[in-house]
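> Here is a sequence together with a model predicted from it:
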Amino acid sequence: MRARLVVFPIKGRNWCFAKSLDSVSSSQSSSSPPKLKDLWRKINADGVSTKQNMETVADFVADKMNRGWVALEKAPQGSIKSKIHSLGVKLLSRVKPTEIFLKSVSENVTKVEITYPASLNPRLVRRRLRHMAIRGSAIHKKNFYGSVTLLPLTSAFSGSERLLLLVSDCSKSWSSLVRNGKENDSKDDLKLDSQSPWVLQPSKDLERLIAGKNGDDGLASNTISRICDMYHLEKNDVLKYRD
């Protein structure tokens with residue numbers, strides 16, 4: 001699966017890292033809901049490690065939660081489902097934006113388009129992404145063994161590892177993206193063993209939106225709204241990087 005990552009300075013030296021929602025929605029709409037029998041078959045397959053089984057379970061639960069969340073969001077105002085959704089929004093507001101971003105880079109992502117302001121150095125953009133992946137991986141390795149809530153940690157850790165592979169310069173790492181890919185990868189995705197899985201997309205439109213507007217208080221809310229509309233980003237998640 002291909003995904004678009006959008007990167008831009010949002011407040012001083014703080015950068016925003018977000019995954020476009022268009023790749024998420026297209027992925028969900030093109031696949032049927034996962035079933036327990038499919039989960040059972042995957043975790044009982046020969047040659048599958050304990051870590052891979054944990055990641056499979058985490059992906060299964062996350063997919064179920066995402067599909068259920070959409071239903072809660074559309075529930076009538078004042079209903080029990082609507083109240084559950086409001087409570088969930090409050091709880092999610094406490095989650096760090098980098099955590100949300102890393103969890104969004106699922107193991108079925110085999111290619112990324114990295115969109116960033118045209119004035120930024122592309123090497124710096126990839127360096128910042130690698131730094132985030134390495135730091136996220138180290139943090140979750142440290143916290144994993146002492147935590148009871150394994151699923152959230154596994155999901156974020158898996159995203160860190162996946163992102164590190166995606167922005168790597170090593171062709172051997174690229175081939176592992178194919179070997180560890182999902183069964184429903186497209187034929188285009190399976191050609192990645194000899195090609196870079198990342199594509200840099202400098203954007204003049206994004207550059208114009210943020211030019212001269214990144215002051216001490218960061219980008220204004222209306223500017224962030226325009227960026228989110230243009231690149232299909234979740235505004236509440238983006239605002240966390242600034243606030």
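Alright, I've got the coordinates.
> so residue 1 touches residue 113, yeah?
No - applying CB atoms under 8 Å, one finds residue 1 not in contact with residue 113, separated by 11.8 Å. In short, each C-beta sits where N, CA and C put it, glycine included.
> With neighbour numbers in mind, choose between the two.
Neighbours per residue, other CB atoms under 10 Å: of residue 1 and residue 113, the larger number sits with residue 1, 21 against 15.
> ok, residue 108 - how many residues close by?
Using other CB under 10 Å, residue 108 has 18 other residues around it.
> Spell out which helix or strand contains it, please.
Using DSSP states H and E, residue 108 falls within no helix or strand.
> surely it meets residue 3?
No - here residue 108 does not reach residue 3: they are 9.3 Å apart, not a contact under CB under 8 Å.
> Parallel or antiparallel, list what pairs with whatever helix or strand residue 4 lives in.
In this assignment (DSSP H and E), residue 4 forms part of strand 2-11. Using DSSP bridges, strand 2-11 pairs in its sheet with strand 14-19 (antiparallel), strand 111-117 (parallel).
> what's the model's confidence in the first one, averaged?
Read it as strand 14-19. Averaged over strand 14-19, pLDDT sits at 93.
> now the strands paired with strand 2-11 as CSV including distance to residue 46?
What follows is these, written out as CSV (distance: least, CB to CB, whole Å):
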stretch, distance to residue 46
strand 14-19, 33
strand 111-117, 28
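> who wins for proximity to residue 239 among those?
strand 14-19 (9.2 Å; CB to CB).
> What residues sit buried inside the closest one?
Applying a neighbour-count criterion of 16 or more other CB atoms under 10 Å, one finds 15, 16, 17, 18, 19 buried in strand 14-19.
> Also stretch 100-120?
Those would be 100-112, 114-117, 120, for stretch 100-120 by 16+ other CB under 10 Å.
> so which helix or strand takes in residue 71?
helix 50-73.
> If you average pLDDT per helix and strand, which one of this protein comes out bottom?
Of all helical and strand segments in the chain, the minimum by mean pLDDT, DSSP states H and E falls on helix 21-29, at a mean of 54.
> Beyond that helix, next helix or strand please.
helix 36-43.
> coming back round to it: any idea of the mean pLDDT for the strand holding residue 4?
93.
> repeat for stretch 48-66
65.
> Run a quick neighbour tally on residue 234.
For residue 234, the neighbour count with other CB under 10 Å is 17.
> so what's the nearest residue to it once chain neighbours are set aside up against?
Counting by CB to CB, 6 or more residues apart in numbering, residue 234 lies nearest to residue 21, which is 6.3 Å off, once chain neighbours are set aside. Contacts here follow CB atoms under 8 Å, 6 or more residues apart in numbering; on that basis residue 21 touches 232, 233, 234.
> out of the strands paired with strand 2-11, nearest to residue 196?
When the strands paired with strand 2-11 are compared by CB to CB, strand 111-117 sits nearest residue 196, at 8.9 Å.
> what's next to the closest one, contact-wise?
Contacts of strand 111-117 (CB under 8 Å, 6+ apart): 1-9, 122, 125-126, 129, 166-167, 189, 192, 197-203, 206-207, 210, 231.
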